[in-house]
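Undergrad: sequence unavailable; structure follows:
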């Protein structure tokens, strides 16, 4: 799932391959929406997430390897039954604090 950090809404640009053609692109990986803003006509908005098929069960914790996300379902017995999704390539270099833990006095 991917959302805008400002408001929790759908992202403006696609971050994963929704139509499963192997390419993350505006055409095919976004929906045309009217009336979303004051802009005239329809505008493209990306999908925030994708539902697993009923026979795959509930989604479990995903694993991200390179530009691919692997999501097993609760009904998955073999690795071949995992949902594989192409993600956008992230070339940003992450620096600085990535997480923190609050310490409490005893």
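TA: Yep, it's here. Source: prediction; values computed, not measured.

Undergrad: neighbours of the residue lying closest to residue 50 once chain neighbours are set aside, how many?
TA: Excluding its sequence neighbours, the residue lying closest to residue 50 (CB to CB, 6 or more residues apart in numbering) is residue 18, at 6.2 Å. In short, each C-beta sits where N, CA and C put it, glycine included. Using other CB atoms under 10 Å, residue 18 has 19 neighbouring residues.

Undergrad: what pLDDT is listed against residue 18?
TA: Residue 18 is assigned a predicted lDDT (pLDDT) of 83.

Undergrad: which ones are touching it?
TA: 28-30, 46-47, 50 (CB atoms under 8 Å, 6 or more residues apart in numbering).

Undergrad: how about low-confidence regions in the protein?
TA: 35-39, 76-80, 90-94 (pLDDT under 70).

Undergrad: still on that earlier bit, from the contacts of residue 18, which is closest to residue 95?
TA: Nearest to residue 95 out of the contacts of residue 18 is residue 46 (CB to CB; 26.5 Å).

Undergrad: that'll do, ta.
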